[in-house]
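Q: got a predicted model here, sequence first, then my questions.
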Amino acid sequence: MVNQNRVEIIKQIESAFNDDKFVILTGQSGSGKTMLAEEILGASALTDKRWEVTPNDFNDKIGRNKRLVIDEAQKLNKDEMNWTSFIVDVLRHKMKLIVISMSIKDLPNQIRRDVDGRHVEINTSIY
């Protein structure tokens, strides 16, 4: 049986990518956010425990596969990194980016306000 909510969410994410936007994916714990993002992009999620980006990381690891999932983004350091510049670089390189958090309000202001992303919310479990 096909979960119609999941199909609609995939369409919204694909539409954002077609419009050269990144995606902010939010929803309750266990709703399938990470699994869906990894399924769509074929990329393993970077969680807060592994999240330290240096210029070499961007060029060597992230830039090569053109896909990036940032999971548990609410735990990202909100003060020390220029998120606007990072996301602009990601989009300039035609990369597909999904930022995952339980709530959009928990993300750094630069991610939710300063750059052009599309918010997609999962309201119920999609798997």
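A: It's in.

Q: all helices for the chain, in order.
A: For the chain, the helices defined by DSSP state H occupy 4-18, 33-41, 55-56, 63-65, 83-92, 109.

Q: of all these, which lies closest to residue 124?
A: Ranking these by their distance to residue 124 (criterion: CB to CB) puts helix 4-18 first, at 6.1 Å. Yep, even glycine has a C-beta here, placed from its N, CA and C like the rest.

Q: which other residues reach the closest one?
A: Contact with helix 4-18 is made by 22-23, 25, 32, 36, 40, 96, 98, 117-118, 120, 122-124, 126-127, as judged by CB atoms under 8 Å, 6 or more residues apart in numbering.

Q: recalculate using a threshold of 7 Å.
A: For helix 4-18, the surrounding residues in contact (CB atoms under 7 Å, 6 or more residues apart in numbering) are 23, 36, 40, 96, 118, 120, 122, 124, 126.
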